[in-house]
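> Predicted coordinates and the sequence they were generated for:
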Amino acid sequence: MRADDDLGYEAPTKQQVADALLVLGADEQHRRLFYQGLQNPLWVEPLDRLGAFDEVPAPFEDAEGNLRSKVWSEGEYLVRMAEFIPSKVAPILVRMAATEDPFARRMVVSATARLDGENAARLSKIVGEYLSADRSRLVPPEEIVRIGEALITAGKSKQALHVASRAFGPREATGTDGKAVRFGGDRVVVGIDDYAYSETLASVSIAMAPLGARWLAELQRWLERYQVLARGLEAAGDDSSGEVETDRSYVWRPSIAAHEQNNHFDDVGNGLVDALRDAAIRALADGLPVVDVVRPLLESRQPLLRRVGIHIITVAVGLGLDSAQSLAADVLGDEQYLEVDYRHEYAEFARRALPVAASDVVAAWTRAVLDGPTATDDEIRGWLSWRFPETDVPQEAVDERRRVWQMRILSSIATGMPDAAVARLTDLQAEFGEWEHADFPSFVSSGAGEKAPAEVEDIASWSLPEVVTFLRSWSEPADRAFHGPTYGGVTFALMQDVKARPIEYAEAAGSFADTDPRYIASLFNAFREIADSGTAFPWASLVRLGASLVAMQPAEAIDGDIHGRGTDLASVHDSLLSMLLGGLSAGGDTKPIVDVDAWPDVVRIVSALSLDPDPTPEHEAEYGGSNMDPLTLSMNTVRPNALRVAARLARFSSGMDERGTSVPEINKAVLDVLDGRLGSERDSSLTVAAVYGEALSSLAWSNSAWTRERLARLFEGDGDYTSVVMSTVLAAYAPSAFLLELLRPWLPQWLDRLVSDEPVKVGYESRRSATESLGDHLTLLAARGEIELDDPLLLAYYAQVDVAARSTVLGHLGWMLLHSKAPEEFLARARAIWDWRANAVEGSEDQSHELSGFYWWVRCGQFSPTWWMPRLLVASQVPGFDGRGMIGEQIAEAAQADPSAAFDVLAALFESGVGDFKRYDLIENAPAVLAAVLDVDDVDLTARAEALLNDLGRAGHLTMLQRVNELRACR
């Protein structure tokens, strides 16, 4: 940093400064250009004497109610000059302190970061207040580091700690109601953005290293405060118990040292742990006694802080530092550290400390572990009572609990232990097996999560009879030990083997009939995945197995209590139907379907399960409604999926689908199944209604007469039922003349329902509302020429629905053209539709909002600029129009052919837009339009273009003229 009197610049005269301020006046563009180019620091003092820095801009409220900041070029100049003349800039910054403008506050902080330590100390309280009052995303984190470094270098430790505390110290957040946020991550607020917290604190901590124990104490205080706020721990104080708490910190911070198990979701908590750990190690390297570093950590009531202390002792023992062995002996002799709260750090510590500890210390530790835990049998029975709710806890369970406790400790350490401990571990592993990751109480793995018996690892080499024999004989141990084998582990291994040799399993499926239902469900699930992949396999044995399981429950029993069939059999039915849906994939697919010889068994399955009570009315009320739409819920329940299978088989057995085969008796049977549940009087479930809506067009195409005879049952009757059917049809199928002809008799009443004030129940919640979906169908059919513009349904729709829905429908038609090339005939009809609607709303400000989605028509690139530019000019004037930053490029391209029209459009859009963010695309492409306009020999047009250039410059786009001139020079 240069001294104030050694700058090498010439000081201006008072008159020069006064003249400059007179010329600049209030024009922001001129002031910005002047101060950006001013490099002489000797102008600061005379400018200040003439009041140039007195008026810090206040934030203002824009049209949308948002607070905005004005550009303050004088402040930007002060920031640049601060490092050259700190003693002259500092008093000005102090005067600026009262500003509420966030950008001006950022300038104060940025300038302070460029001052020497003595002058920065004058601003430390102000900077701290900024950081405390409101976390500002505008303050670059690295500037906090620079301020800290400057203050420490100047010996201003008090001020350095003050700024650091305001930047990094956790504080209690308050909600919009002014009340404290309940505990959790959102309850903590700090002075800088969370994303930068860890890295910035690490840098500041290096700068603070000369403070030694004072800095460690500050970090410890912050971390303890963080745990109180974010984790709900009790604050230490006169009224606290003083006992060590269980903070479960090993869940969110598994390892104090860097480790892949540590997550990166908690920026503040992880940043504090890392900073405290590294600062403590740095203090050891700088010569601070181990006791002074570790004792405050071990005396904390929070296990997280004690874990940091144990980690530091481990480091100190490794470095051979004085007093490390004594501290290690204290920890080895304290049985509280054997508990789960400290497991990972304790295991690392024991591996390092036991081999070098004194023999009497090791002997005492061995006795404590091998005789532990110290809890009495009655205390252990209390821990285990939840496992034996109906009986007393047996002594065998108590003894096993002691062995498990020993196993957890010894297997977590594993190496470096005395011989007696190793021998005990060997015995325990013979009983419980080897435990992976035992030093992590909460280990997160990407694996399957459940474990199969060791012998299942060879399942790929077994014959199918051997597989079945094992499945029949094996069962999950009732008193399964921790990490022991589970049914889930076996079913996972079974599914992998099925997918490896599907033909063998498909042909032998019947042999699984008397195995546990969970294995049968996993068999069906595996074949669902195989069917989805397009791999062919024989279906007959598999489907026969499913039919036999359904036959175990007669229809009368199934059509009763859903819980009567048992959850395992329910899972089998779910998986069976899922497999059949994979084998009867929807129209347009090319995958192989269920073999014809298996169809009779499919009929038996759907005949029975179409009577299944799932979902019951209670289930539908709990999980449907606002939680899940009927179509989605239908995919997760039995009876609707059975009907879905039936509808697909009705298509394939009709002979209309080339992948199927005409089998009249099968076709009649599944149609009878469907008929039995069709209509609200036969099954009022909205999930069933959604299935019929989903299948309607397919059924009408493949089984036309049967379907048309029953349409009235679907569309006349219960209002919610018919609404779900109709809304699902329109959401599930693309618009077609066939579908419109099928639905036309009921669409007028559907439209009346949509425009009424009554809420409408929809079958499928998509991005398009039911009203928009109907409009999409009608408008697209008109664009295709499949209905005329005077079609009564189309006219009624645009006459009755609200303007917001009409706007999104018209915009959606343009959006569709963005994704697919359309023939000219389609585009001509689309243009006619737009002009029809534009003429219909002309002269009505409220109704003209219908045109607000026109930007998609421009963006799609399929219409000539000579057509869209005059229409865009009209659309840009309607309320609510927003180009969404999407059409600047198209306007720039159009300007090459018609500069005048393109400029009119550009100027109109700038006038209608709000804020530079929304106009960014226009601003980026404005130079091309302005360059084209300025090349035209038109005095009036040139004057308008220059006026817009000046407006953009005053708004801060100072390079606009340069970019325009560069483009003109290249022409």
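Arrived safely.
> Report the helix or strand with the lowest average pLDDT across this structure.
helix 555-558 (a mean of 36; mean pLDDT, DSSP states H and E).
> ok, the spatially most central residue of the chain to L321 distance?
Residue closest to the mean C-alpha point of the chain, counted by C-alpha atoms, centre = their mean, is F265 at 12.1 Å. F265 sits 35 Å away from L321, going by C-beta to C-beta, to the nearest Å. Heads up, the C-betas are built off the backbone N, CA and C, glycines and all.
> thinking again about what came up before, check for me that the residue nearest to the centre of the chain belongs to a helix.
No. F265 sits outside any helix when classified using DSSP: H, G, I helix; E, B strand; the rest coil, being coil.
> Now the terminal residues of stretch 23-34, how far apart.
10 Å (C-alpha to C-alpha, to the nearest Å).
> swap that for stretch 839-855, please
OK, stretch 839-855 end separation, C-alpha to C-alpha: 18 Å.
> quick one: it to chain centroid distance?
Relative to the mean C-alpha coordinate of its chain, stretch 839-855 is positioned 37 Å out (C-alpha atoms, centre = their mean, to the nearest Å).
> So which bits of that stretch are buried?
For stretch 839-855, the neighbour count (16 or more other C-beta atoms under 10 Å) marks 841, 847-855 as buried.
> Among these, which pair sits farthest apart?
Q847 and Y855 (18.7 Å; C-beta to C-beta).
> how about E434, secondary structure?
On the basis of three-state DSSP, E434 is classed as coil.
> Count the neighbours of the closest residue in space to it that isn't next to it in sequence for me.
Closest residue to E434 apart from its sequence neighbours, by C-beta to C-beta, 6 or more residues apart in numbering: S411 at 7.4 Å. For S411, the number of neighbouring residues by other C-beta atoms under 10 Å comes to 20.
> any idea how far S411 is from P46?
In terms of C-beta to C-beta, S411 sits 77 Å off from P46.
> any low-confidence regions in the stretch 501-650 of the chain?
552-568, 586-589 (pLDDT under 70).
> Which residue ranges of it form strands?
Ranges of strands in the stretch 501-650 of the chain, per DSSP state E, counting those that start in this stretch: none exist.
> Where do the helices of it begin and end?
Along the stretch 501-650 of the chain, the segments classed as helices by DSSP state H, counting those that start in this stretch run 502-507, 517-532, 540-551, 555-558, 567-583, 599-609, 617-623, 630-634, 638-652.
> Please identify the most buried of these.
helix 638-652 (a mean of 26; mean count of other C-beta atoms under 10 Å).
> got the CA coordinates for that helix in CSV?
C-alpha atoms of helix 638-652 as CSV (Å, rounded to 0.1, in the frame of the first residue of the first chain):
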residue,chain,number,x,y,z
VAL,A,638,-55.1,-53.2,-7.0
ARG,A,639,-58.6,-53.0,-8.4
PRO,A,640,-57.8,-50.1,-10.8
ASN,A,641,-54.7,-51.9,-12.1
ALA,A,642,-56.7,-55.1,-12.7
LEU,A,643,-59.1,-53.1,-14.8
ARG,A,644,-56.2,-51.5,-16.6
VAL,A,645,-54.8,-54.9,-17.5
ALA,A,646,-58.3,-56.0,-18.7
ALA,A,647,-58.6,-52.9,-20.9
ARG,A,648,-55.2,-53.6,-22.5
LEU,A,649,-56.1,-57.3,-23.1
ALA,A,650,-59.4,-56.1,-24.6
ARG,A,651,-57.4,-54.2,-27.2
PHE,A,652,-55.0,-57.0,-28.0
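> and the angle for that helix with helix 567-583?
Angle of helix 638-652 versus helix 567-583, following axes from the mean of the first three to the mean of the last three C-alpha atoms, to 10 degrees, is 20 degrees.
> after helix 638-652 comes which helix or strand?
helix 664-677 (DSSP states H and E).
> Would you mark the buried spots in that following helix?
666-667, 669-671, 673-674, 677.
> just checking, what packs against the helix or strand following it?
Elements were assigned by DSSP H and E; along the chain past helix 664-677, the next helix or strand is helix 686-702. Packing partners of helix 686-702 (3 or more C-beta pairs under 8 Å, 6 or more residues apart in numbering; DSSP states H and E): helix 630-634, helix 638-652, helix 664-677, helix 704-708, helix 711-715, helix 719-732, helix 737-743.
> With that, I have no additional questions.
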